[in-house]
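*Asks:* model the structure of this input:
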Amino acid sequence: MEKPQLLPAPVLGWGGRPPSNWRAMNEPMIYEPTLRPLCTVDLQVHSPAMIGEGPGGKRMIVDIAVMSLQGERLRAELEGHAAADWLTIAQNIATIDVRATVRTDDGALIYVRYSGRSDVTHGLGSAPVIVAPTFEASDERYLWLNAVQAIGKGDIATLRYEWFEVL
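*Replies:* Numbering: from 1, shown residues only. Predicted coordinates:
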């Protein structure tokens, strides 16, 4: 791998003297993510509304009837009826976009959004769905979720995901 080009200190605004860790700052940084279990997600859905083939691919919308998040630090259930899974299939790739509001077991409301993909070359459900959930919370007990980028792996057949916080 080619080393990055070092810039002269004045270009970077250091007044002619680079910091003592100049070399270390210019070495490529490689991070391996650490995953911390966040929760298991179980869904129950209504029958899909098949939109059909359009410019973005074959589209269906699936209303979520039940959503349960169960983990050590996060336990919540779907709040209300405004939650759906938008599924599009194009070029043998299923793309999902899910948005929901959940209420924690201690009363806080949290907005959950996740998108992801699955290879459906051999049929819907033949490969796992990989998702990237994010959260929005205003309750101070759950503000930590605002900084979480999660990743998850799920199964369309069982409608179950395992979500992990990326550290």
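
*Asks:* Val102 reaches Leu78, doesn't it?
*Replies:* Yes. Assessed by CB atoms under 8 Å, Val102 is found in contact with Leu78 at 5.9 Å. Glycine gets a C-beta too; all of them are placed from N, C-alpha and C.

*Asks:* what's the first helix or strand after the worst-scoring helix or strand of the chain on mean pLDDT?
*Replies:* None of the helices or strands of the chain scores lower by mean pLDDT, DSSP states H and E than helix 22-25, at a mean of 59. Sequence-wise, the next helix or strand downstream of helix 22-25 (DSSP states H and E) is strand 35-45.

*Asks:* may I have that next one exported as CSV, CA atoms only?
*Replies:* What follows is strand 35-45, C-alpha atoms only, in CSV (Å, rounded to 0.1, in the frame of the first residue of the first chain):
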residue,chain,number,x,y,z
LEU,A,35,-19.8,-5.5,18.2
ARG,A,36,-21.8,-5.4,21.5
PRO,A,37,-25.2,-7.2,21.5
LEU,A,38,-28.0,-4.7,21.6
CYS,A,39,-31.2,-6.6,21.2
THR,A,40,-33.2,-9.3,19.5
VAL,A,41,-36.0,-7.9,17.2
ASP,A,42,-39.1,-9.9,16.5
LEU,A,43,-41.7,-8.7,14.0
GLN,A,44,-45.2,-9.6,12.9
VAL,A,45,-46.5,-8.1,9.8
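
*Asks:* Provide the contact partners of it at residue level.
*Replies:* 62-75, 85, 148, 150-152, 154, 159-167 (CB atoms under 8 Å, 6 or more residues apart in numbering).

*Asks:* next one: stretch 59-67
*Replies:* The contact list for stretch 59-67 (CB under 8 Å, 6+ apart) reads 41-52, 77-78, 81, 83-89, 98, 100, 102.

*Asks:* so where does the most centrally placed residue in the chain fall, helix or strand?
*Replies:* Among the residues of the chain, the one closest to the centroid is Ala132, at 1.5 Å (CA atoms, centre = their mean). Following DSSP H and E, one finds Ala132 within strand 129-137.

*Asks:* listing partners with orientation, what would you give for that strand?
*Replies:* According to DSSP bridges, strand 129-137 forms sheet pairs with strand 109-119 (antiparallel), strand 150-155 (antiparallel).

*Asks:* what are the buried residues along the strand ranked longest in the chain?
*Replies:* Longest strand in the chain, counting residues (DSSP state E): strand 57-70. For strand 57-70, a neighbour-count test (16 or more other CB atoms under 10 Å) marks Arg59, Met60, Val62, Ile64, Met67, Ser68, Leu69 as buried.
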